[in-house]
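Student: here are the coordinates; sequence isn't available:
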């Protein structure tokens with residue numbers, strides 16, 4: 001069912017028919033409050049659903065975080081962008097219990113952990129199709145101008161949602177034309193407290209991925225801005241102690257290749273907290289005040305950014321054990 005927005009503050013629902021995965025992709029849409037200059041594409045994580053679903057708590061454990069529902073998060077993201085972005089939320093193909101499973105974008109386990117695969121352009125094909133379908137529906141509903149389809153993209157993956165970004169990067173490194181199209185349209189990539197469930201792969205440090213991503217960060221027609229946001233929930237996770245080491249390898253690999261990356265660590269002095277993990281989506285609104293090349297500690301309670309040296313902030317990352325070399329990724333066939 002497609003729900004058309006009747007007012008600027010209402011969220012519309014557009015549902016793309018099943019693609020090759022056999023799964024439909026539901027896209028939520030919230031129009032910009034100003035003249036639109038970009039499309040903000042959001043991939044949510046575990047637990048996050050519509051407010052009514054979370055309040056019913058049929059899956060257990062969602063009522064506590066109902067204030068972080070998609071209905072609440074999309075307006076916050078629009079505000080974070082300054083009101084000049086149309087916000088699109090691309091929902092996972094399945095929610096198994098509380099776990100977001102992006103089965104239409106990648107090969108995932110029953111808890112949504114992804115195995116990245118460069119042998120097909122699954123994620124880029126689905127994203128282009130879902131956004132194309134959503135834009136046509138939004139134009140028909142009078143919520144978007146026909147010419148706005150060509151506005152640049154900002155892609156934000158939160159928690160489990162980063163697996164879609166990672167799959168896109170693997171497809172790009174494998175040379176798939178649709179992945180090239182997706183990243184050519186993209187002006188910013190935001191990794192917000194990302195994780196891959198109980199598996200490694202929150203950050204990819206494969207040489208092919210780092211090579212292609214660093215080139216995008218230096219492209220003459222407009223560099224891709226890569227921003228990494230983290231809290232202790234992921235960087236100090238006892239369940240996934242490898243995430244911090246993965247992040248260090250990812251960031252240092254990009255730095256060696258001459259790419260500039262913004263790093264924003266929040267709630268640094270606190271213990272790992274699921275509550276603070278969801279608060280990350282509230283702290284995104286400080287982004288516009290931070291310069292991309294810096295490592296940053298940002299305290300959202302005070303609304304200011306404080307630039308720290310890399311050595312100071314890297315203390316979080318270096319405390320974790322290093323992962324085994326490499327990550328199993330299937331390569332594209334000839």
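Tutor: Received, thanks. Quick caveat: nothing in here was measured; it's all calculated off a predicted structure.
Student: Counting neighbours, what do you get for residue 245?
Tutor: Residues lying near residue 245 (other Cβ atoms under 10 Å) number 20. C-beta here means a position set from N, CA and C on the backbone, and glycine is covered the same way.
Student: So it lies in a helix, does it not?
Tutor: Yes - checked against DSSP: H, G, I helix; E, B strand; the rest coil, residue 245 lies within a helix.
Student: tell me the pLDDT at it?
Tutor: pLDDT for residue 245: 94.
Student: Next one: it from residue 152, what distance?
Tutor: As judged by Cβ to Cβ, to the nearest Å, residue 245 and residue 152 stand 33 Å apart.
Student: same thing with residue 174?
Tutor: Distance from residue 174 to residue 152, by Cβ to Cβ: 24 Å.
Student: Going along the chain, name the helices of the stretch 101-250 of the chain.
Tutor: Shown for the stretch 101-250 of the chain, the helices assigned by DSSP state H, counting those that start in this stretch span residues 122-140, 162-173, 177-185, 207-216, 232-235, 242-256.
Student: Make CSV from those and add distance to residue 95 to it.
Tutor: Listed next are the helices of the stretch 101-250 of the chain as CSV, based on distance: least, Cβ to Cβ, whole Å:
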stretch, distance to residue 95
helix 122-140, 17
helix 162-173, 15
helix 177-185, 24
helix 207-216, 28
helix 232-235, 20
helix 242-256, 23
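Student: Which among those helices is found nearest to residue 60?
Tutor: Checking the helices of the stretch 101-250 of the chain against residue 60 by Cβ to Cβ gives helix 232-235 as the closest, at 20.2 Å.
Student: Centre of the chain to the closest one, how far?
Tutor: When distances are taken as Cα atoms, centre = their mean, to the nearest Å, helix 232-235 is centred 16 Å away from the chain's centroid.
Student: per-residue confidence averaged over it?
Tutor: Rounded mean pLDDT across helix 232-235 is 93.
Student: Point out the other helices and strands that that helix packs with.
Tutor: On a contact count with 3 or more Cβ pairs under 8 Å, 6 or more residues apart in numbering; DSSP states H and E, helix 232-235 meets helix 242-256, helix 274-283, helix 310-318.
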